[in-house]
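**Student:** have a look at this fold, sequence not included:
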């Protein structure tokens, strides 16, 4: 006798055999769920603020990094002749296909909307998910020349306490041939572990979140991933 099908959404390249054991990350209820990891994902319409939580987290991390960049990037660019760059939204990221599922796309689009509102200086913004639930990456990229980085950081950090973001072991890493400053670390959001890397230079800022990996693992592929997101003018 066949069982009634469950009314749950289906996500790309996900089946029972490949689904990771989320229980070991403190979320056993997701073992039998096809919902995307709850990094600010809105589970119901009664909690619309959850949709914005991860957007604020992204903004806070980017703004904090932008302040750190400061004079170091300016001096380096003067020495190198001020190479201009911009962000692009690739169709694939290191072999991972961009997820076009409606729910993932809606969340990524909301992040982009929030970024445009909070960073009006931006000339280009994108946000996207790549891979599947066994190898998932989320990316935000911003093309902008931020002139008042310190004020922007203070504005955004006021909303940090309620976002539930924990970042540890945030360390400077090699930014690669595109220059600027880059940092990677371990992070936990809503019970999930992940690795996060951010970068900033005179023309762009970005964040790459690698789900279910450590900051060290995220750092190992950061330069390659950034090279597919940021291009020289």
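**Tutor:** Good, I have the coordinates. Since the structure is predicted, the reported quantities are computational estimates derived from the model, not experimental observations.
**Student:** how much space between the closest residue to residue 228 other than its chain neighbours and residue 229?
**Tutor:** Closest residue to residue 228 apart from its sequence neighbours, by Cβ to Cβ, 6 or more residues apart in numbering: residue 90 at 5.1 Å. For the C-beta atoms, the positions are set from N, CA and C on the backbone; glycine is no exception. Per Cβ to Cβ, to the nearest Å, residue 90 is found 7 Å from residue 229.
**Student:** who has more neighbours, those two?
**Tutor:** Comparing residue 90 with residue 229 by other Cβ atoms under 10 Å, the one with more neighbours is residue 229, at 21 against 18.
**Student:** next SSE downstream of the lowest-mean-pLDDT helix or strand in the chain?
**Tutor:** Lowest mean confidence among the helices and strands of the chain (mean pLDDT, DSSP states H and E): helix 149-157, at a mean of 53. Next in sequence after helix 149-157, counting helices and strands by DSSP states H and E, comes strand 166-173.
**Student:** mind listing what's buried along that following strand?
**Tutor:** 167, 170, 173 (16 or more other Cβ atoms under 10 Å).
**Student:** just put those residues in JSON lines and tack on pLDDT and distance to residue 206.
**Tutor:** Shown next, in JSON lines, are the buried residues of strand 166-173 (pLDDT from 0 to 100; distance: Cβ to Cβ, whole Å):
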{"residue": "167", "pLDDT": "74", "distance to residue 206": "16"}
{"residue": "170", "pLDDT": "84", "distance to residue 206": "16"}
{"residue": "173", "pLDDT": "93", "distance to residue 206": "14"}
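**Student:** need these in a markdown table (columns: distance to residue 218).
**Tutor:** What follows is those, written out as a markdown table (distance: Cβ to Cβ, whole Å):
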| residue | distance to residue 218 |
| --- | --- |
| 167 | 12 |
| 170 | 11 |
| 173 | 9 |
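**Student:** just those residues now: which is nearest residue 99?
**Tutor:** residue 167 (24.3 Å; Cβ to Cβ).
**Student:** and the gap between the closest one and residue 201?
**Tutor:** Noted for residue 167: a distance of 21 Å to residue 201, by Cβ to Cβ.
**Student:** now swap in residue 216 and tell me
**Tutor:** The spacing between residue 216 and residue 201, counted by Cβ to Cβ, is 23 Å.
**Student:** the two: which is more packed in?
**Tutor:** Remark: of residue 216 and residue 201, residue 201 carries more neighbours, 23 against 14, as counted by other Cβ under 10 Å.
**Student:** which non-adjacent residue is nearest that one?
**Tutor:** What sits nearest to residue 201 in space, not counting adjacent residues and going by Cβ to Cβ, 6+ apart, is residue 180, at 2.9 Å.
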